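>>> output the structure for:
(one chain, ligands or ions: 1)
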Amino acid sequence: MDSPAGKMAAVRADSTTEEKTAAPESKPAAESVRPKEHGHRDKRKKTDVADSYNCWFKTLRSLTANNSEYFERHKTQYSGRFSSAVCVLQGHADAIQPVLEGFIRIAPDFDADENTPSNGYRSLVKVVGTCIRRIIHVQRKVVNNRDGLLFQSKHYCLELEAYASVLCQLRAIMDVAQKVLAKSKHGQLFPEEKFFPEFLFEEAESLDKECFYGRCVGFQFCSSMQPIFHTISTAMASFAEAYSDHDGQLTRALASLLNSGKYAMNPELRARTIVSMCDKADISFCKAFWNITEEGPLQHMSGFLSSSVNVNKVFHIPALPFEMESSLEDGELVTITPPCSQTGPGPVQVRLICFENREGQPDDLDFIEQLEEYLGTKNKPEDISSPILDQVEEKLGTKKKVPAPKSDALIIHIHGGGFVAQSSKSHEMYLRTWAKDIDVPILSVDYSLAPAHPFPRAMEECFFAYAWALKNAQILGTTAERVCLAGDSAGGNLCVSVAMRAANYGIRVPDGVLAAYTPFLVRYTPSPSRLLCMMDPLLPMGILSRCIAAYAGLKEKKPGEDVSSSSSTTSSTPQLSTPEHNFSSARLVFDPSPTEPKRSGEGAAAPKLLFTNTTGGLCEVHTPSPSPPSGEGPDHTDIPVLTVETETAVIHGKQNTEQTVDNLKEPHFEDIALSPYEEDSGDSEWSLTDKQTEVDSPSRGGAGDEKSPEEGSKQMEKDRAAEDDPNRPSSLSLPSLPSLDEISMAISKMTESKPEEVVLPSEPVHSPSSIAHVTRYRPSPILNNPYMSPLLADDELLKGLPPVYLVPCALDPVLDDSIMFAQRLKALGVPYKLQVVEELSHGFLNFTSICKEARQANDLCVNNLLEMLGRRPRGGRVGTPTRKV
Ligand SMILES: CCCCCCCC/C=C\CCCCCCCC(=O)O[C@H]1CC[C@@]2(C)C(=CC[C@H]3[C@@H]4CC[C@H]([C@H](C)CCCC(C)C)[C@@]4(C)CC[C@@H]32)C1
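Numbers count the residues shown, from 1 in each chain. Below you'll find the model as predicted:
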């Protein structure tokens, strides 16, 4: 058998040649396969990226000027709102551009290796870029269609307003990212623990996230994911309503089906319900929703959507200790005891999935009976199955298929679900495909879930199942010459922990571990990619933090409980007023929050934005001023600093109107130069919203106006009237950024409405309960356990790992976990392969049967598994070059 390291080295050699021939730049969802970058090329690439972004900003500016000028001249029902929307979003775009340029400059310093240009900073840049491109797309559509009789003015107006809010929040998120950056060491995506910035959580929590869950939901992902997220968020909102009204899972499923219509029709109501649910709901809501496909009509979904397999059986591994040979010392035996933490020894449920019935496996008809017999008597399975087969043949008069020979390999799978939900059943969809494509038995572990069974129960059960499977491989239809562990999300974390434990116990380690979109640091540490949870349709921050609490066994505080008790914890953490935490000295570039202490140089004149007003003249708008470097603060020599010069951006009425409309009426915005980093999907149907029917939606509640689903729906009717008002001043819910007052003044001049009519950004929504549990739980010692967070494991423990295959997603909150884990493995010389999937969301394996890009990413995982098991990858191409130090 090849040594894993040798194998990895061989693959690396192969894929280096592939690297040259592959044309990855145009692939939307494939891994970041990119040619090697060296010194000057790297610099050029950075410039190219910045150029592409500048080009988009320029295009946006022209379109804004054009539309703005048009709607000033052509007074129609919605013209006032159009003008306001484009003006507001242009203000945000101008403010975000210099910040973006700063991130483009520093981002490469955080890559795990030169072959994989990926990290949270790059992702944030990407998301802003996508938002700008989508706005360009919508504005182009407006330019192209606004004179037509069938122009859906209301639809486009709502779209632009929604994107203006998104851009505004992205601007605030970029600001938080700068603070994370200022507290991080060079190349480190997670700030040092001692600098835990509670205030960042407060800031992050206080953002108005609703715009990310309404009509723009999942805008950052590829177009084929859009309908999926519209469906899931509709389901989530309607389930939230049903959850509070009903008890049983089935009744809830039915009730949510009935509710779904109104949430599908009203994206704003949906967003309000989801955000409110994420802030307030306890973990049992997540469990219930994430398990929606476990029972009721949806449980048969995988049956329709996936390959059929011959063996798909659930059984229990008895809670009996057994002995295994040590892999370290000849003849030594290691005793494996059943899992026993918290609830005492208990059996472990597993599911065996196999494309065809194999020798050694109990016969399908009496699977459990035979298995029990095997487990009790330890008879060879062949002895059991043959007589039964004979009887069946006799009874049915049919010749039963002879089982296929034993496989030489085995996959042990551990499912994700935030440690609190899901099972092998909900992951059957892609497991059946794997079973068919790889044609190896898969044993998936149904470990006990938190919060009823917190850490380390799940890890113990998975380890026990792993060891048992090695020992009893024959009953699983395999000789287990090659064994690998595969898990997605929380399951990937468990896989790595199991492999570390195997190494620690001195038993055989698997031949490889596949960890797809896996969290490796299960604690409340911010990072640039983690900021994406502010907008993630599957992993919103409130839910993520509750998963951590549940897994760590920290009792969740109920909403309304006194949060002041957390103050002792909070006060034990470094105070923000210490020099290290004084961000006024951290040379950050822009401060959108008026509540933040004023920076040095605050008296300096803010750069100005000039917008054309109704009369073609110029009105002044102040942009947030960049803080000049302060000499007063501590020495930040090891802290990467964005130094950004904000220029005075001028949108000149004359200049812009000189651009012919025809120039702007390009049919597809794919024509816009694409950066070598930012691949366009090549799909002109950017968002579902283009196809959406025009729907009414209520105006947004004011900040802090959190409503229950029922209240929400009652309010809906009232709101609808307001929403329909074409002269309604722009009610874009924007955070209280200092420049917005001025922007709104500009708007109000442009729309000729009185300033006080403009519903301006009010105070940010604040959720003290969610913040409180984060701050209170932070110092819990359990959160330092390396088996819970492999990133915290010491070098010796990590060195015992077999080759690790990491498949994170670029737009996933837990991307940085994989990047930093790869960095650790690289430093320790542990073979690893890091392939970052672009444009797909966390959990893509669950979407393989309904999304082309997810299928491609699944193929990548399948090829990795084939490689680990010593088989030829399918399609001849393995993917990103393997990296081994
Ligand atoms: C300053 C801010 C800093 C923030 C710092 C805090 C961040 C903490 C970060 C990391 C810690 C990690 C903690 C735990 C991570 C958990 C990872 C983890 O395991 O996450 C998984 C949770 C389940 C799920 C969401 C998932 C994948 C797929 C999802 C499923 C897809 C379809 C399923 C629907 C129910 C189907 C409905 C069909 C119907 C016809 C509409 C759906 C949505 C169920 C849920 C899963 C990922």
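>>> could you list the low-pLDDT ranges of the stretch 701-850 of the chain?
Within the stretch 701-850 of the chain, the ranges that satisfy pLDDT under 70 run 701-778.
>>> how about the residues of it by the ligand?
813-814, 842-843, 846 (CB under 6 Å from any ligand atom). Heads up, the C-betas are built off the backbone N, CA and C, glycines and all.
>>> list just the nearest of those residues to residue 85.
residue 813 (28.9 Å; CB to CB).
>>> surely residue 413 is within a helix?
No - assessed with DSSP: H, G, I helix; E, B strand; the rest coil, residue 413 is strand; it does not lie in a helix.
>>> I'd like the residues of the stretch 701-850 of the chain next to the ligand laid out as a markdown table, including neighbour count and secondary structure.
Below are these laid out as a markdown table (neighbours: other CB atoms under 10 Å; DSSP: H, G, I helix; E, B strand; the rest coil):
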| residue | neighbour count | secondary structure |
| --- | --- | --- |
| 813 | 28 | coil |
| 814 | 29 | coil |
| 842 | 26 | coil |
| 843 | 21 | coil |
| 846 | 24 | helix |
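>>> my guess is residue 209 meets residue 536, correct?
No - using CB atoms under 8 Å, residue 209 makes no contact with residue 536, being 9.8 Å away.
>>> neighbour count for those two, which is higher?
Taking other CB atoms under 10 Å, residue 209 and residue 536 do not tie; residue 536 has more neighbours (27 against 24).
>>> any idea how far the more buried one is from residue 341?
31 Å (CB to CB, to the nearest Å).
>>> spell out which parts of the chain neighbour the ligand.
Looking at the ligand, the residues of the chain close enough under CB under 6 Å from any ligand atom are 200-201, 204, 231-232, 235, 290, 292-293, 298, 416-418, 489-490, 519, 522, 524, 526, 530-531, 533, 538-539, 541, 544-545, 547-548, 813-814, 842-843, 846.
>>> which of those count as buried?
Buried members of those, scored by 16 or more other CB atoms under 10 Å, are 200-201, 204, 232, 235, 290, 292-293, 416-418, 489-490, 519, 522, 524, 526, 530-531, 533, 538-539, 541, 544-545, 547-548, 813-814, 842-843, 846.
>>> okay, and which of those map to helices?
Counted as lying in helices by DSSP state H, out of those, are 200-201, 204, 232, 235, 290, 490, 541, 544-545, 547-548.
>>> just the strands in the chain please.
Secondary structure of the chain by DSSP state E: the strands cover 311-317, 322-325, 333-336, 348-354, 407-414, 442-446, 478-488, 512-516, 608-612, 618-622, 804-807, 832-834.
>>> got those strands as JSON lines, with mean neighbour count columns?
Shown next, in JSON lines, are the strands of the chain (neighbours: other CB atoms under 10 Å):
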{"stretch": "strand 311-317", "mean neighbour count": "19"}
{"stretch": "strand 322-325", "mean neighbour count": "16"}
{"stretch": "strand 333-336", "mean neighbour count": "14"}
{"stretch": "strand 348-354", "mean neighbour count": "23"}
{"stretch": "strand 407-414", "mean neighbour count": "26"}
{"stretch": "strand 442-446", "mean neighbour count": "25"}
{"stretch": "strand 478-488", "mean neighbour count": "24"}
{"stretch": "strand 512-516", "mean neighbour count": "29"}
{"stretch": "strand 608-612", "mean neighbour count": "23"}
{"stretch": "strand 618-622", "mean neighbour count": "18"}
{"stretch": "strand 804-807", "mean neighbour count": "28"}
{"stretch": "strand 832-834", "mean neighbour count": "28"}
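>>> and those, which one is worst for confidence?
Among the strands of the chain, strand 608-612 carries the lowest mean pLDDT, a mean of 24.
>>> grab the nearest non-local neighbour of the residue in the chain that the ligand sits nearest to.
Nearest residue of the chain to the ligand (CB to the nearest ligand atom) works out as residue 843 at 2.6 Å. Excluding its sequence neighbours, the residue lying closest to residue 843 (CB to CB, 6 or more residues apart in numbering) is residue 538, at 5.5 Å.
>>> what sits against the one you found?
Neighbouring residues of residue 538 by CB atoms under 8 Å, 6 or more residues apart in numbering: 232, 841-843.
>>> next, find the distance separating it from residue 206.
Going from residue 538 to residue 206 by CB to CB gives 22 Å.
>>> next one: residue 252
Counting by CB to CB, the separation of residue 252 from residue 206 is 31 Å.
>>> swap in residue 232?
The separation that residue 232 has from residue 206, given CB to CB, amounts to 25 Å.
>>> which ones are touching residue 71?
Applying CB under 8 Å, 6+ apart, the residues near residue 71 are 79-80, 82-83, 86.
>>> and the nearest residue to residue 299 once chain neighbours are set aside, what pLDDT?
Leaving out its chain neighbours, the residue that sits closest to residue 299 by CB to CB, 6+ apart is residue 293, at 6.2 Å. Per-residue confidence (pLDDT) for residue 293: 87.
>>> residue 300 is in contact with residue 293, correct?
No - using CB under 8 Å, residue 293 is not in contact with residue 300; the gap is 9.2 Å.
>>> got the buried residues for the longest helix along the chain?
Using DSSP H, we find that the single longest helix of the chain is helix 39-73. Going by neighbour count (16+ other CB under 10 Å), the buried part of helix 39-73 is 45-46, 48-50, 52-53, 56-57, 59-72.
>>> grab the nearest non-local neighbour of residue 855.
Nearest non-adjacent residue to residue 855, counting by CB to CB, 6+ apart: residue 848, 5.1 Å away.
>>> ok, how many other residues are close to the nearest residue to residue 250 once chain neighbours are set aside?
Closest residue to residue 250 apart from its sequence neighbours, by CB to CB, 6+ apart: residue 296 at 4.8 Å. Neighbourhood size, residue 296 [other CB under 10 Å]: 16.
>>> list the contacts for residue 296?
Residue 296 makes contact with 249-250, 253-254, according to CB under 8 Å, 6+ apart.
>>> closest one to residue 94 out of those residues, please.
Residue 94 has its nearest neighbour among those in residue 253, at 46.8 Å by CB to CB.
>>> with adjacent residues omitted, what lies nearest to that closest one?
Of all residues beyond its chain neighbours, the one nearest residue 253 is residue 296 (4.4 Å), with distances taken as CB to CB, 6+ apart.
>>> how near is that neighbour to residue 810?
34 Å.
>>> same thing with residue 227?
21 Å.
>>> okay, these two: which has more neighbours?
residue 810 (25 against 15).
>>> now do the contacts for the more buried one.
Contacts of residue 810 (CB under 8 Å, 6+ apart): 32, 118, 122-123, 126, 836-839.
>>> do the same with residue 790
Shown in contact with residue 790 (CB under 8 Å, 6+ apart): 493, 496-497, 500, 520, 798, 821.
>>> what about the residue lying closest to residue 511 once chain neighbours are set aside, distance to residue 507?
Leaving aside its sequence neighbours, residue 511 sits nearest to residue 482 (CB to CB, 6+ apart; 5.0 Å). The gap separating residue 482 from residue 507 is 16 Å, by CB to CB.
>>> quick one: low-confidence ranges for the protein?
Using pLDDT under 70, the chain drops low at 1-46, 195-197, 302, 364-368, 376-400, 556-778, 876-885.
>>> number of residues surrounding the closest residue to residue 321 other than its chain neighbours?
For residue 321, ignoring the flanking residues on the chain, the nearest one in space by CB to CB, 6+ apart is residue 337 at 4.8 Å. Residues lying near residue 337 (other CB under 10 Å) number 13.
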